[in-house]
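Undergrad: my questions concern the predicted model and sequence given below.
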Amino acid sequence: MTTATTEPVLWTRKHLLGLAELTREEIVHVLDTAESFKEVSTRSVKKVPALRGRVVVNMFFEESTRTRMSFELAAQRLSADVIDFAEKMSSTQKGETLVDTARNIEAMGVDIMVLRHPAAGAAHHLAGAVKCCVVNAGDGQHAHPTQGLLDLFTIRERKGRVEGLNVAIVGDIAHSRVARSDLRGLQKLGAKVTLVGPPTLVPKTFETIGARVTSDFDGVLAEMDVINMLRIQKERMTESGFPSVREYVQFFGMNRERLRRCKPDVLIMHPGPVNRGIELAADVADGPNSSILRQVTNGLAVRMAVLFLCQQAAAGTARDEEP
Amino acid sequence: MSSILIRGGRVIDPAQEIDEVADLAIKDGRIAAIGKSAPKSADEVVEAGGLVVAPGLIDMHVHLREPGNEESETIATGTMAAAAGGFTAVACMPNTDPPLDNDSAIEFVLRQAALTAHTRVYPIGALTVGRQGKELAEIGLMVRAGAVAFSDDGAGIADAGVCLRAMRYVSMFDRLFVQHCEDPVLSGRGCMSAGPTATRLGLPAMSPIAEVVMVQRDITLAAQAGVRYHVAHVSTAGTVQRVREARHAGQRVTAEVCPHHLLLTDEACATYDTNFKMNPPLRTQADVDACRAGVADGTIDCLVTDHAPHGRESKEHEFAFAPFGIIGLETALPLFIEALVTTGLVGWPRLIAALSLNPARLLGVTGGSLRVGQPADVTLIDPNVEWTIDAEQMRSKSRNTPFDGRPVRGRAVGTLVAGDWRYRSIHAGSGHAG
C-alpha cells in the first residue's frame, strides 16, 4: 500500500465527478490503490478499518442493482456505516429539490454521498452545495467514472498496459455515460479509441473529443485489442434510431463468427446487464475472451479505492486510515 | 450466347464522351467493341443507319404494383412496357401492398423479377415501417437483400426528427435517400395544384409550397446527416431553385423530373379527366419552364416516368375520388425528346445521360455506359419516326395516360438486356452479312 506519509500526495480531491477532469497520474493512482484493495476481498474476514466511523449514503435516483450493491459492499469492506436513500419513499416525491434533500441528509452527519441521478451534471450540482464528499455513480448520459475506472483496471490487469491499445466501444454511444467515461479514461492513459455504431447512435461530434467514429464494425474488428459492447436499450429503440433488434444484431452484435475474425487475445467487455443474444452472444459472453464478471469483481476494489481516497482527501490526512 | 453487330448507328455514350457514327459489337452478352475495332460480321447484324445507339435507358421511378395490385400491373407487364419504351432497367417504388419495408419483401421482388421480368428490376426499400413515417424500417437488411435506394414514395416523411434519423441511418450504407416532397399539412386533401384553374373548377387544391417547404427542410437535414439526397419528381420552380442553390453550395443533392411536368399545366384538368390527376399535380407554365431550365442547366439530373398504373375501374371516378398517377414507360422517350431536344434545350448526349448514366450512378447499379466489357444493355432509338400515342396499344396492364392521341416523334425500336433482345420493332439482318 502506498501511503501519503512517505510519498507526495497524489490525490487531493474530495469528490469524484468524472474522469475528464482527472490527470493521468491521478487515474493511475486510483488504479494502484484499487490494486492494494483487491486482496481484501479474498480474506476470510473481508474488512479493513479504513473508513471506520464514517457514514456513506447511497443516493440513487435511478434504478440500479449492481452499482448500488457494489458501492454498498465497498463501503462495508472499509468498515463504514452505509445508509440507503430510496428515491421512491423519499421527500423528493413531495417536491423537495435535490440540494435540499442532500443538505438534510448531510445534517445528519454524512461523510460521503454516492449519487446516481438521471440528469447530467447532477453530481456537479450536488458537489457545489454540500460540504461532504460526492462520488458520481452515474449522472444522465454524462459520466460514470467508477465504471470507467474499473474498465481501465480490468484492461490493465488483462493486458498489462493501456497505452497504445486499440479499443472499440460499440453500441448506443450517444446515450451512454459509460462510453463517455471510458473514452476519457482510455484517452488519458494513451489508448486509441474507436466508437462503433450506426450514425443515429454514434454522432460524428465525438470526433471533436479525439475518438475515431465508424459504422463499419466488421472493418475494424481485426485491429482491436479490446472491444467493449454496450447494452442496447430495447425500450428506447425507436427514439434512439435503429430499426430492429434483428437488424442491430446483424451489423453490431458480437458473436462467435465475429470473434473468430478478431485477434486471438482480444478482450471482450460489457458493463452489464447483458442482453444475451443481442449485443453479445451467450457463448462469447461466457467464453475465455470475456471479462464481464472480472469487471464486476474489480468494480468493488475500484470503488473501495475511490471512497477511501476521497475521504482521505477530505480529512486532509491519511495517517490513521490505511487499510 | 452469340454475337450481334449494330452497324452504322449514331453511338452516344456520355460516360465515354462518345457521339459518333460507329459500329457496336456485342459478344456473349457484353459490349465487345465500338468503332473501327468492331468486327465486320456477327451472328446477327442490325443495320442502324439513322438510329441512335445508346446505353440502356434506366427509369429510376416506377410503380410495378406487385405485390398487392396485380390487377393494375405486374412485374412482368410493367417491365414489358418498360422494354417497349426503351428501358433496360427500372427501379420500383415500395408502395406496394404489403409495402417493401423488409428484406423478405425485397427478396420477393427480386425473385419474381428473376422469373418474370423483361428488364432489370432494382427495388427501392421503404424508409419507415409501413411507410408510416414513424419507425425506421430494416434498412440494413434490405441493403443486404438488394435494395438500391430508400424512399417512402407516395408520402414524404413529415416528422423532421424521424426524417433526420432515417437520413443518418441510410448514410451508413451510402444508399440514395429519395424523398417524395410534400408537406401533408400544407397539402391537405387537395387533388390538383392550387391556382386559378382549381378555383374555377371548385376542386380541393394543394399548394405548390407544400413541395418547396419539404425540399427546403430536407436540404438542411441532409447536410447535417451527410446523406446522398434525391428529390423525386420535381414539379415546381421553387424546388428547382432550392436544389440549384444547394448544389452551388456544394451539397450532394440530386433531382429528377417526369415528362408531364415538362409538357402539361394545371389547365389540362379543366375537363375533370382523371388521367390528368397525379401527385405531384400539374402546375403552371412558369413551373414547366423552370423544370425544363433545370434539366438544361443540369440542376435536374435524371428523367423518370413515375409510371403509376391504375385500372380503368379505379380511375373512372369523380376527379376528387380517383387515385393519383399516370402510366409513362411507353410514352416517356418521345415526350422527353419533344420537351427537351426539339426545343433545343439539351442535345442528345445530355438526354441520354439523364436517362441512363445519371440514374446508374445515383443507384450504384450496372449499366449507363457502353464501355467494352460491360453487360450489353443497349437501346436503339429512331429519333425521327412519327407516330401517335394509343392507350389501347400499351403493354402495361393499365391505360391511364393523359397523352392518348398525341402525335409524337421518336421511339425506341430495340432494347437489349445483356445482349438479349427484350423488345424489337426493327428488322434484323440475317447471318454473317458483310
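TA: Looks like it came in fine.
Undergrad: contact partners for residue 300?
TA: I went with chain A, as the question did not name one. Contact partners of residue A:300, counting by Cβ atoms under 8 Å, 6 or more residues apart in numbering or on different chains, are A:41, A:70, A:73-74, A:77. All C-beta spots, glycine's among them, are computed from the backbone N, C-alpha and C.
Undergrad: meant chain B, my bad for not saying
TA: B:234, B:240, B:243, B:255-257, B:291, B:294, B:354.
Undergrad: picking that back up, now distance to residue B:395 too, for the contacts of residue A:300, in JSON lines please.
TA: Formatted as JSON lines, these follow (distance: Cβ to Cβ, whole Å):
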{"residue": "A:41", "distance to residue B:395": "79"}
{"residue": "A:70", "distance to residue B:395": "71"}
{"residue": "A:73", "distance to residue B:395": "77"}
{"residue": "A:74", "distance to residue B:395": "77"}
{"residue": "A:77", "distance to residue B:395": "82"}
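Undergrad: and of the residues you listed, the nearest to chain B?
TA: For the contacts of residue A:300, the minimum distance to chain B (Cβ to the nearest Cβ) is 35.0 Å, reached by residue A:70.
Undergrad: okay, now the closest one: neighbour count?
TA: 25 (other Cβ atoms under 10 Å in any protein chain shown).
Undergrad: with the one 4 residues further on instead?
TA: By other Cβ under 10 Å, 29 other residues sit near residue A:74.
Undergrad: how about the secondary structure of it?
TA: Of the three states, residue A:74 takes helix under DSSP: H, G, I helix; E, B strand; the rest coil.
Undergrad: and for it, nearest residue in space, chain neighbours not counted?
TA: Excluding its sequence neighbours, the residue lying closest to residue A:74 (Cβ to Cβ, 6 or more residues apart in numbering or on different chains) is residue A:303, at 3.8 Å.
Undergrad: mind checking the pLDDT average for whichever strand or helix holds that neighbour?
TA: Assigned by DSSP states H and E, residue A:303 falls within helix A:292-315. For helix A:292-315, mean pLDDT is 96.
Undergrad: now stretch B:321-330
TA: 97.
Undergrad: one more: stretch B:242-256?
TA: On average, stretch B:242-256 scores 97.
Undergrad: does the residue nearest to residue A:74 really touch residue A:145, like I thought?
TA: No - contact between residue A:303 and residue A:145 fails when scored by Cβ atoms under 8 Å: they sit 10.4 Å apart.
Undergrad: show me which residues of the stretch 1-150 of chain B are close to chain A?
TA: Proximity of the stretch 1-150 of chain B to chain A, by Cβ under 8 Å from any Cβ of the partner chain, involves residues B:129, B:134-141, B:144.
Undergrad: and the helices in the stretch 151-300 of chain A?
TA: Using DSSP state H, counting those that start in this stretch, the helices of the stretch 151-300 of chain A run over A:177-188, A:217-220, A:237-240, A:245-252, A:256-260, A:282-285, A:292-315.
Undergrad: what do you get for the stretch 151-300 of chain B?
TA: B:160-171, B:184-187, B:196-201, B:209-225, B:237-248, B:260-263, B:285-296.
Undergrad: CSV for these, including distance to residue A:194?
TA: Supplementary listing: those in CSV, determined by distance: least, Cβ to Cβ, whole Å:
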stretch, distance to residue A:194
helix B:160-171, 18
helix B:184-187, 41
helix B:196-201, 56
helix B:209-225, 21
helix B:237-248, 32
helix B:260-263, 47
helix B:285-296, 42
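Undergrad: looking at those helices, spot the one closest to chain A.
TA: helix B:160-171 (4.1 Å).
Undergrad: what average pLDDT does that closest one get?
TA: Rounded mean pLDDT across helix B:160-171 is 97.
Undergrad: does that helix come close to chain A?
TA: Yes - against chain A, helix B:160-171 shows contacts by Cβ under 8 Å from any Cβ at B:165, B:168-169, B:171.
Undergrad: which strands or helices does that helix pack on?
TA: Using 3 or more Cβ pairs under 8 Å, 6 or more residues apart in numbering or on different chains; DSSP states H and E as the contact test, the elements touching helix B:160-171 are helix B:139-145, strand B:176-179, helix B:209-225.
Undergrad: ranking those by burial, who's on top?
TA: strand B:176-179 (a mean of 25; mean count of other Cβ atoms under 10 Å in any protein chain shown).
Undergrad: what sits against the closest residue to chain B within the stretch 1-150 of chain A?
TA: Residue of the stretch 1-150 of chain A nearest chain B, by Cβ to the nearest Cβ: residue A:141 (17.3 Å). The contact partners of residue A:141, taken as Cβ under 8 Å, 6+ apart, are A:120, A:174-177, A:180.
Undergrad: what do you get if the cut-off is 6 Å, keeping everything else the same?
TA: Neighbouring residues of residue A:141 by Cβ atoms under 6 Å, 6 or more residues apart in numbering or on different chains: A:120, A:175, A:177.
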